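A.B. asks: no FASTA, just this:
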């Protein structure tokens, strides 16, 4: 609707110089497309210029100008001459829409920044956690080297391979009591080697 009116409304007008913008708005409120085209011809440069000063970007300024004229077409009946001139009403509407577009764009950028920051923090936490695990594994491996061969073997089977005490005893062909002793003594030495206080 808006585009077709704008395409057909360039230049020629039946309204004559005595028809005011206020009159045009009243006719637009009644659905008069010719009045809308005439109003567009009169005020589009002013409205676009104001919006362009606020937004700077030409493409966005054109979009917002279209939005403003659509709003004028839809809300012309709400215009009240007591509150100021028709031009002031339309320029106020234009300025408000331009500012809304800036706020909307800024909110979008802020959202993108927050999402990006969260993603970066998750990646950083993941890398940090991997580094900590790697360092801890190195400490454990170094501490395991301080144990006797028998203690290291029992701990490896029980804690790294997940065997029960009886399974370790069967695997090593030793009594279960001996397995428990090796595990207990080995864990004490491991804690000491890693500086862990009981």
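C.D. replies: It's in. Remember, it's a predicted structure, so these values are computed and weren't measured experimentally.
A.B. asks: residue contacts, residue 177?
C.D. replies: Contact analysis of residue 177 by CB atoms under 8 Å, 6 or more residues apart in numbering lists nothing. All C-beta spots, glycine's among them, are computed from the backbone N, C-alpha and C.
A.B. asks: give me the element it is part of.
C.D. replies: Using DSSP states H and E, residue 177 falls within helix 176-194.
A.B. asks: how far away from the center of its chain is that helix?
C.D. replies: Here helix 176-194 is found 52 Å from its chain centre; the criterion is CA atoms, centre = their mean, to the nearest Å.
A.B. asks: can you check stretch 138-153 too?
C.D. replies: On the basis of CA atoms, centre = their mean, stretch 138-153 sits 49 Å off its chain's mean C-alpha point.
A.B. asks: gap between residue 145 and residue 153?
C.D. replies: Relative to residue 153, residue 145 is positioned 13 Å away (criterion: CB to CB, to the nearest Å).
A.B. asks: outside of stretch 42-59, which residues touch it?
C.D. replies: Counting by CB under 8 Å, 6+ apart, stretch 42-59 makes contact with 21, 24, 61-62, 64-65, 68-69, 87, 90-91, 94-95, 97-99, 101-102, all of which sit outside it.
A.B. asks: tell me the buried residues in that stretch?
C.D. replies: Neighbour-count burial for stretch 42-59, counted by 16 or more other CB atoms under 10 Å, picks out 42, 43, 47, 48, 50, 51, 52, 54, 55.
A.B. asks: helices - which of those residues land there?
C.D. replies: With helices taken from DSSP state H, the overlap with the buried residues of stretch 42-59 comprises 42, 43, 47, 48, 50, 51, 52, 54, 55.
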